[in-house]
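Visitor: Give me a 3D structure for the following:
(chains A and B)
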Amino acid sequence: MLGGPDIIWGGVVPGLIAVTALAVVWKLTSRAASAWRTALVLGYLSGHWALSARDLGATALMRAGQLEQAGADWAYNPRNFDFQAAVAKSYQPAEAQDWLPALALLAMVPDAIACVGRFGPLTGWILRGALCAFLPWRLVYGSKYWPLSLGPGFDFDMGGWTNGEAACWIGGITATLLIAWQLTRLEERDDRPTRTWIRSAVASIVAFGSVIVLVASGSLVYGQLAGVLTAALAGCGLASYLFAVQRGPDAAAGPIVVTFGTLLAVGHLYAELSLTDAALLVASMVAAIGWLPLPKKLAERQNWCRTGACLLILAIPTLPAGRTLASQVPDTSVEQAPNPYENFSR
Amino acid sequence: MHRACPNIRRTAICCTSIVLALASTIGVRADQYAIEPSHTSIIFGISHLGYSYTYGRFNDVKGAFIWDNANPAAGNFQVGISVASIDSNDEKRDQHLRAADFFNANQFPLITFQSTSVRPSTVDNANGNMFDVTGNFTMHGVTKQVTLPMKKLGEGQGPYGKYRCGFFCQTTIKRSEFGMTNMVPNIGDEVAVTISFEGVRQATAGSGNAPSAGSGSAAKPAGSASAPVGPAGAPSGSSGAR
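Guide: Residues are numbered from 1 along each chain as shown, chains lettered A, B, ... in the order given. Down below sits the predicted model:
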């Protein structure tokens, strides 16, 4: 069900916006971290809202009986989209994925504040902790795991968590996000361009791997949003290379970890993504952009080691998921069996 | 004599109040029913690519209602449907329908309906058995007020002596109004819904009370609003839920 419009609005557009934003912010401020963070978040937001606006626009056209008039290629024309409603969903979120734009924006703040003033680092840590704890709580609140009081009689067995289970899950997701965030920040001082572009490329490959795994887990929507993140990462990496920006994706650690982590969390909670696959994807993303423990002997070959380790971890969930998806593609080369009812009406 | 007047008046008012209260209690005799899942069907139909309609059902439904033939306005319907029980005769598709692309069953596990008013229908109601049941319908985390055209099919003793009462409803809803916009228009926006349910009488309740859970298999809640399509139902051009 992925077509041309999905690739354009969920891939090309966020990629181009990320390239443009990074170039503009870098040229104007010469601040690599700000450029990366701004470009990645703007790229992601543009793709997220474009895909949402397209779907909302289609329903608005249908209700108005104008979908046919809009033509077969309506999904390529942004004039048919409802951007206002798409943005409105982000400040009136209903579904878990509606929180992603706000979370991506909020994730820019802690690392930006951490650089400011004497208490910046401490404030940054507090904000990181608050965001990482808020995220899983908000994603599960009201769901079957943590249902709202529905009143007597709605005694469906939904498999809700006990208080202990809820504490374990929310604490576990919070800790995982915080650790991943910190591990990516540990790599900040490694700013040689030869290494930053490789990290960008590998991070994009990991994000693309998550597209395959999420789609195979049963959610096209989460897969599309992971595709938007892939495009934004690739766009930032390309612009970073072209303009010799001396920082890699670690500069946007917050938005990457929070967006990627949220997609994997909802993929596990609300689709069929297994916990093992989610953990492996987190590990491969950390290996791609973050701290990689290497013996001194291999330090000079860090690029190869990073790429190898990352792809190795990534292959574990991605290859089976890719096989699953490939097996679902109908084989059109096989001649169709004759229709036994062909002459039924004669 | 002069002093006795106030006492007599007070006593008269008191007696009249008691009589009126008793009369109002006797006059409003509403029966409470628990919806019986095995005689309840919630079926939906939706356009696939504009080529055909795909039908499915929800298998796990619970609810209760209060009904008084003499005073339909005292009626009250509650239905809850487990989204995870969706069944379209294709497990792979059911998984997709439960996922975030459509119902997002883990995040929004229930579809619920709680009526707020019941009125005799003013159109096509020659037999007097059509009612407009207005209430709050919640699906996919969005609550909207809908009016369901409910037909009372019949009531009486069942084969094992329990008193039963049944209703039927056919309507349409637009899934996009409940935030389910994915894959519109390839998968249709309008969903035809058919609901047929039977309740087993639990107790007699006073008017104004919400149905309470009985000891039977069905608990209190409510009626759903979900969707389905009736026997011959298919999404039509007009929106059924008013």
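Visitor: Figure out how far the helix or strand encompassing A:T59 is from the centre of its chain.
Guide: Secondary structure here is read from DSSP states H and E; on that basis A:T59 sits in helix A:32-63. Distance, stretch centre to chain centre, for helix A:32-63: 12 Å (Cα atoms, centre = their mean, to the nearest Å).
Visitor: next structured bit after it?
Guide: helix A:83-91.
Visitor: The next helix or strand after that following helix packs against which elements?
Guide: Once the chain leaves helix A:83-91, the next helix or strand it forms, by DSSP H and E, is helix A:100-106. Packed against helix A:100-106 by the contact rule (3 or more Cβ pairs under 8 Å, 6 or more residues apart in numbering or on different chains; DSSP states H and E) you find helix A:32-63, helix A:83-91, helix A:120-140, helix A:253-270. The C-beta positions use only the backbone N, C-alpha and C, and glycine is treated the same way.
Visitor: in helix A:100-106, what counts as buried?
Guide: A:100-101, A:103-106 (16 or more other Cβ atoms under 10 Å in any protein chain shown).
Visitor: now, among those residues, which is nearest to chain B?
Guide: Nearest to chain B among those, counting by Cβ to the nearest Cβ, is A:L100 at 12.0 Å.
Visitor: and that closest one, what does it touch?
Guide: Neighbouring residues of A:L100 by Cβ atoms under 8 Å, 6 or more residues apart in numbering or on different chains: A:44, A:48, A:225, A:259, A:262-263.
Visitor: circling back: quick one: mean pLDDT for the helix holding A:T59?
Guide: Along helix A:32-63, the predicted local confidence has a mean pLDDT of 91.
Visitor: Check stretch A:101-119 too.
Guide: Mean pLDDT, computed over stretch A:101-119, is 88.
Visitor: Likewise for stretch B:165-172?
Guide: The average pLDDT within stretch B:165-172 is 92.
Visitor: anything in it near chain A?
Guide: No. Using Cβ under 8 Å from any Cβ of the partner chain, stretch B:165-172 stays clear of chain A, coming no nearer than 13.0 Å.
Visitor: Point out where chain B drops to low pLDDT.
Guide: Along chain B, the model assigns pLDDT under 70 to residues B:1-29, B:204-242.
Visitor: For the biggest strand by length in it, list every residue counted as buried.
Guide: Among the segments of chain B that qualify as a strand by DSSP state E, the longest is strand B:187-205. Buried residues in strand B:187-205, counting neighbours by 16+ other Cβ under 10 Å, are found at B:187-202, B:205.
Visitor: Can you sort out which of the residues you listed also neighbour chain A?
Guide: The subset of the buried residues of strand B:187-205 within reach of chain A, by Cβ under 8 Å from any Cβ, is B:D189.
Visitor: Quick check: which element contains the nearest residue to B:R57 once chain neighbours are set aside?
Guide: If the residues on either side of it in the chain are set aside, B:R57 comes closest to B:I43, at 4.8 Å by Cβ to Cβ, 6 or more residues apart in numbering or on different chains. Using DSSP H and E, B:I43 sits in strand B:41-48.
Visitor: what do you get for A:S200?
Guide: Using DSSP H and E, A:S200 falls in helix A:193-216.
Visitor: what's that helix packed up against?
Guide: Using 3+ Cβ pairs under 8 Å, 6+ apart as the contact test, the elements touching helix A:193-216 are helix A:220-242, helix A:253-270, helix A:275-289, helix A:302-328.
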